[in-house]
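>>> Sharing a model prediction with you, sequence too.
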Amino acid sequence: MADLVSQLLNNEPIVSALTAWALAALLKFLIVAIQSGKFDWERILGTGGMPSTHTTPIIACATSIGLVAGFQTPVFGLAAALCFVVAYDAAGIRRHAGAQAQAINNLIKDLTNLETFKGQKLESFFKRWNVAELKTLLGHNPIEVWVGIIIGILTALIIHNYFGHMFNPGIFSGTP
C-alpha cells in the first residue's frame, strides 16, 4: 500500500490535479466565507460555486500530461477530450439540473399554500412524499468554469516548472 501511495505521489499529473483541486476548494471556501461572513465547511466538498472544483483538477491533469508526455500524444488527446466533457457538464447539464431543482422546490412550497395542503409544514410535506428538499447549487456559470480552467493550467505550469524535476517521468519517458 505504501508503494502505491509513493507511486501516485510520484505522478506529476496526479499531484497537479490534487493540488489544483485543493487550491480551488480552499478558494471556494474563502470566497463563501468572505461573502457570507461565516464558515461553510460544506463548500469545500460541495458542488457549485466559484471556482469550479470539477473543472480545475481535470484541466490541471490534462495540462500536466501535455507538459510531461507532449501535447501531440494520444494520452493528451484523451485528457483534453475529458476536459471538454467535464467543463460542459459543469456549466451546462449540472447547472440546468440545479435550476430544475429550484423550480421543483418552489412548486412544492407553492403546493403547501393550496387549500388541500393548507397549514402543512414544508418539512412534513417532504417527509410525506419521502423526499428531501432538492439541492440547487449543482453546477457553475461559465465564469466559474473559466476561472477553474485558468487555475488548473497555472497550477500544472507551476508544479511542472518548479517541481517537475522531483517526479519520475515513468511511462511518459519510456523508462520505468
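Now that the structure is in, tell me what you want to look at. Residues are numbered from 1 along each chain as shown.
>>> C-alpha from now on. contacts and neighbour counts both.
Will do.
>>> Buried ones in the longest helix seen in the chain, by neighbour count?
With secondary structure taken from DSSP state H, the chain has its longest helix at helix 12-36. For helix 12-36, burial by neighbour count (16 or more other Cα atoms under 10 Å) applies to 12-32.
>>> what does that helix contact?
Residues outside helix 12-36 that contact it (Cα atoms under 8 Å, 6 or more residues apart in numbering) are 8-9, 38-41, 43-45, 49-54, 56-65, 68, 148, 151-152, 155-156, 159-160, 164, 167-169.
>>> what is the rounded mean pLDDT of that helix?
What helix 12-36 shows for mean pLDDT is 93.
>>> Helices of the protein, residue ranges please.
Counting by DSSP H, the helices of the chain are 2-9, 12-36, 42-45, 55-69, 74-88, 94-111, 122-128, 142-163.
>>> so of those helices, which one's packed in deepest?
Ranked by average neighbour count under the criterion mean count of other Cα atoms under 10 Å, the helices of the chain are headed by helix 55-69 at a mean of 27.
>>> Low-confidence stretches in this protein?
For the chain, applying pLDDT under 70 flags the ranges 43-44, 47-48, 92-99, 111-123, 125-126, 128-140, 169-176.
>>> centroid residue for the chain?
Residue closest to the mean C-alpha point of the chain, counted by Cα atoms, centre = their mean, is residue 54 at 2.0 Å.
>>> which residues sit in contact with it?
By Cα under 8 Å, 6+ apart, the contact list for residue 54 reads 21, 86, 87, 90, 148.
>>> Distance of the third one relative to residue 127?
Translated: residue 87. Going from residue 87 to residue 127 by Cα to Cα, to the nearest Å gives 35 Å.
>>> Now do the same contact list for residue 151.
For residue 151, the contacting residues are 20, 24, 56, 60, by Cα under 8 Å, 6+ apart.
>>> Greatest separation within the residues you listed: which pair is it?
The distance between the two most remote of those (Cα to Cα) is 11.2 Å, for 24 and 60.
>>> Please report how far residue 46 lies from residue 24.
Going from residue 46 to residue 24 by Cα to Cα gives 12 Å.
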